[in-house]
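Visitor: need a 3D model of the following:
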Amino acid sequence: MYHLETSTLVLVIAVGTYTLVAAAWDIRFRRIPNWLNVTALLLGLVYQCGFHGWAGLGMAGGGFAIGFGTLFALWLTGGGGAGDVKLLGALGAWLGFQSTLYVIVITTLLVGLLQLGRIVVGLVKHGYSRTRRRLSSKLADGTRKQNIKRTVPFAVPVALATWLVGALSILQSIAAASAQASTLN
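Guide: This next block holds a predicted model:
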C-alpha cells in the first residue's frame, strides 16, 4: 500500500488550504488579501528549507520567480490584479519552478476556455452585435478598449490548476512506487 511522505502530506494540506481560502476570498470579495499571500510565502520558504534545505530555498526562489514574474508582467500591462501576482508568487515558493509553470499553463487554458464559453453563451443569448458591444467599448479617441470582465475570479482557475497538477504528481508517485514494488517481488 502506498503512503504519502510527510513532506508531500504537508505540501498537499498547506497548498490545498491556501488555494481554497484564496479562491473563496476572491469569489466573495474580488481580491486576495496581502496577509494571506505573505503568510503563504513565508510558510512556503519555511517548508522548503525545513524539508529540502538550501536546495529547497533554490526551488522556492525559482517557483517564486516564475509565478510572480509572469503575473507581474501581465499586471504591468493591465492583464491582472496585484493579488493575483502575489498569489502565484507565494504558490511558486511552495511548488517550485516546474510545477508552478504547469499551474500557469493550465490556468491560462482554463481562463481561455471560460472566456470562450462566456462569448459563446453571449452569442447564443444576445447575438453578435450585442455581445460585441458588451465585450468592448469605445474610448473618447475612437480606439477600442477591451472591457471583458472575468467570468470567475482568477484564484479559482489557479486553485483548480494547482489541484490538478498536485493530483497528477501524486498519481505519478503512486505509479512509480507500484512499478518499483512489482520489480522487487
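Visitor: is G78 in a helix, a strand, or coil?
Guide: coil (DSSP: H, G, I helix; E, B strand; the rest coil).
Visitor: can you pull out the strands in this structure?
Guide: Counting by DSSP state E, the segments of the chain that form strands are 136-138, 144-146.
Visitor: weakest of those strands by average pLDDT?
Guide: Mean pLDDT per stretch puts strand 144-146 lowest among the strands of the chain, at a mean of 47.
Visitor: chain center to the helix ranked longest in the chain, what's the gap?
Guide: For the chain, the longest helix by residue count, based on DSSP state H, is helix 82-135. With CA atoms, centre = their mean, to the nearest Å as the basis, helix 82-135 stands 10 Å off its chain's centre.
Visitor: packing partners of it?
Guide: In terms of contacts (3 or more CB pairs under 8 Å, 6 or more residues apart in numbering; DSSP states H and E), helix 82-135 is packed against helix 6-29, helix 34-76, helix 155-184. Any C-beta I mention is one placed from the backbone N, CA and C, and that applies to glycine too.
Visitor: shaky segments in this protein?
Guide: Within the chain, the segments meeting pLDDT under 70 span 1-2, 137-151, 185.
Visitor: list the contacts of the residue minimising distance to the centre of the chain.
Guide: In the chain, the C-alpha closest to the average C-alpha coordinate belongs to V158, at a distance of 2.7 Å (CA atoms, centre = their mean). V158 sits next to T19, A22, A23, D84, L87, L88, L91, V103, T107 when contact means CB atoms under 8 Å, 6 or more residues apart in numbering.
Visitor: let me have the helices and strands packed on helix 82-135 in a markdown table, extended by distance to G112.
Guide: Listed next are the helices and strands packed on helix 82-135 as a markdown table, based on distance: least, CB to CB, whole Å:
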| stretch | distance to G112 |
| --- | --- |
| helix 6-29 | 18 |
| helix 34-76 | 14 |
| helix 155-184 | 10 |
